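Undergrad: coords please:
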Amino acid sequence: SQWGAHSYLFRILGGLQGWREGSWLLQWDNAIGAVFIGLVFGLAPFVSNSLTGWLLASILGYWLLLTLSEPKIWWGTQIHRLVWLYWGVASIATAFSPVKKDALVGWSKLTLYLGLFMLLARVLKSPRLRSWLIFLYLQVSLIVSIYGIRQWIAKVKPLATWNDPDSAQADVTRAYSYLGNPNLLAAYLLPAIALSIAAIFIWRGWLPKLLAITIAVTDIACLKFTDSRGGLLGLIALSVTFVVLLFFWRKAQLPTFWRRWFLPIVLGTLTFGLVVLVAFLPGLRDRFLLVFSAKGDSSSQFRVNVWKGVVKMIQARPIIGIGPGNNAFNKIYPLYQISPEYTALGAYSILLEIAIESGFIGLVTFLWLLGTIFHQGLKQLSRLKQVFSVGGFWLVAAGAGIVGLLVHGLVDTVWYRPEVNSIWWLMVGIVAAFVAQEQEYRLKSSNYPDNSMT
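TA: Prediction:
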């Protein structure tokens, strides 16, 4: 902060403070930001990626406007700083990329997503705006799921060869809704499932709770009809994480019996239910077993062969990578693919993708960011143990949604589509907003030690 106070660069921050104080519109700065974000969440599944990109560019511009007009420099939470560190590593990878023009396109997209996160972390500090944006996302997910279920009922034809033509699942209908791809649809629905379960506890009144139950059941059904193995694994990981975080948060309020037996009973029930479904639903059983087979299913074999080529790419540029984005990947991957038939649009694994784009420096930074997100999230849940707050359910859902997307992302390329990437940053933004709230509370308490807030 001392360096920033004497930096010529940082002196431009706050340069628009006088204009902001006299602005009529910016009295509702966060509400306007919520409208921008709401347009992305409300339109992303239904419009072209280019239009979503322009909306994200508007969000980045608006966040920059707010930042330049802030009266004081705010250095952000630990999550903010690590996000910027990751962006800095990606910037260096772009500068040293062997395909700089293509990497610059990926860097531009990454910058737009980080602008979305920065505005999200600011806007979501307001419980009212946070609830409104989550409500909007859940309503859109319900529309998307209903259309996906209708596709499954109507036995819609696939838009591509999603099933192995020689397997027992060759004729299985896979819902893809407005997103055009079943795996992408499954990833889009995972956070919605976590948030809708949390909404059952948060929304007041029987009608809102019934709506939350409807959204959860519909989204889970639609995810099943996508027949996405990565989505299934993500849902299992999401469910386990939700239960564990909920127990961690409310353990002190439980009777002695439930403190000891809550996790074994709930996790045992989930495991038993999964075993029963796999055992008695042939389609689900076949699809589940294919998760562990790379020989009998062409998509599994395809991924394994892509990963072999990807490992060669990482070995060629292990330190700083080739630069961000699928354009850079598409230029470099053909040089390392093991045979012409295994062309790919991405690494089919988020960790491998990051290692390719920004090397092991970027991968370590990303893992550091993930560790910080969960560490800070658990700290916030511990803080909320003292006084019950329904906001804790949103934190639990955000953690579960992050884990679900991570597990799905380990075996697919869904992260790099705006419909999913924007929701990923929503989950991270929820955690960062709670951390920022605590920082503001501590600052106010230190400034006013005799205030009742302390």
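Undergrad: from here on, contacts and neighbour counts on C-alpha atoms
TA: Fine.
Undergrad: Apart from its neighbours in sequence, what residue is nearest residue 259?
TA: Of all residues not flanking residue 259 in the chain, residue 251 sits nearest, at 6.0 Å (Cα to Cα, 6 or more residues apart in numbering).
Undergrad: I figured that neighbour hits residue 260, correct?
TA: No. Residue 251 is not in contact with residue 260 according to Cα atoms under 8 Å; the separation is 9.4 Å.
Undergrad: which of the two has more neighbours?
TA: Between residue 251 and residue 260, residue 251 has the larger neighbour count (other Cα atoms under 10 Å), namely 16 against 12.
Undergrad: which SSE is residue 358 in?
TA: helix 350-386 (DSSP states H and E).
Undergrad: what is the orientation angle of the next helix or strand after that helix with helix 350-386?
TA: From helix 350-386 onward toward the C-terminus, using DSSP H and E, the following helix or strand is helix 391-409. Put simply, helix 391-409 runs at 170 degrees to helix 350-386, going by axes from the mean of the first three to the mean of the last three Cα atoms, to 10 degrees.
Undergrad: which helices and strands does helix 391-409 pack with?
TA: Applying 3 or more Cα pairs under 8 Å, 6 or more residues apart in numbering; DSSP states H and E, one finds that helix 391-409 makes contact with helix 182-202, helix 229-250, helix 350-386, helix 418-447.
Undergrad: returning to what we had before: do you know the pLDDT at the residue nearest to residue 259?
TA: Predicted confidence (pLDDT) at residue 251: the value is 81.
Undergrad: and it, how far is that from residue 257?
TA: 11 Å (Cα to Cα, to the nearest Å).
Undergrad: Could you do residue 193 as well?
TA: Computed as Cα to Cα, the residue 193 to residue 257 distance reads 29 Å.
Undergrad: Of the two, which one has the most company?
TA: Comparing residue 193 with residue 257 by other Cα under 10 Å, the one with more neighbours is residue 193, at 28 against 8.
Undergrad: ok, that one - contacts?
TA: 215-216, 219-220 (Cα atoms under 8 Å, 6 or more residues apart in numbering).
Undergrad: re earlier: what residues of the helix holding residue 358 count as buried?
TA: Across helix 350-386, burial judged by 16 or more other Cα atoms under 10 Å covers 350-366, 369-370, 373-374, 376-378, 380-381, 384-385.
Undergrad: model confidence over stretch 331-345, on average?
TA: The model assigns stretch 331-345 a mean pLDDT of 81.
Undergrad: Okay, buried residues for it please.
TA: In terms of neighbour count (16+ other Cα under 10 Å), stretch 331-345 has its buried residues at 332-333, 337-338, 343-344.
Undergrad: so which two of these are the farthest from each other?
TA: Within the buried residues of stretch 331-345, 332 and 338 form the most distant pair, 12.9 Å apart (Cα to Cα).
Undergrad: in stretch 123-134, what counts as buried?
TA: 123-126, 129-131, 133-134.
Undergrad: Same list (those) but as JSON lines, adding pLDDT, secondary structure and distance to residue 60.
TA: Converted to JSON lines, the buried residues of stretch 123-134 look like this (pLDDT from 0 to 100; DSSP: H, G, I helix; E, B strand; the rest coil; distance: Cα to Cα, whole Å):
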{"residue": "123", "pLDDT": "94", "secondary structure": "helix", "distance to residue 60": "13"}
{"residue": "124", "pLDDT": "94", "secondary structure": "coil", "distance to residue 60": "16"}
{"residue": "125", "pLDDT": "92", "secondary structure": "coil", "distance to residue 60": "18"}
{"residue": "126", "pLDDT": "91", "secondary structure": "coil", "distance to residue 60": "20"}
{"residue": "129", "pLDDT": "95", "secondary structure": "helix", "distance to residue 60": "19"}
{"residue": "130", "pLDDT": "95", "secondary structure": "helix", "distance to residue 60": "19"}
{"residue": "131", "pLDDT": "94", "secondary structure": "helix", "distance to residue 60": "22"}
{"residue": "133", "pLDDT": "96", "secondary structure": "helix", "distance to residue 60": "18"}
{"residue": "134", "pLDDT": "96", "secondary structure": "helix", "distance to residue 60": "20"}
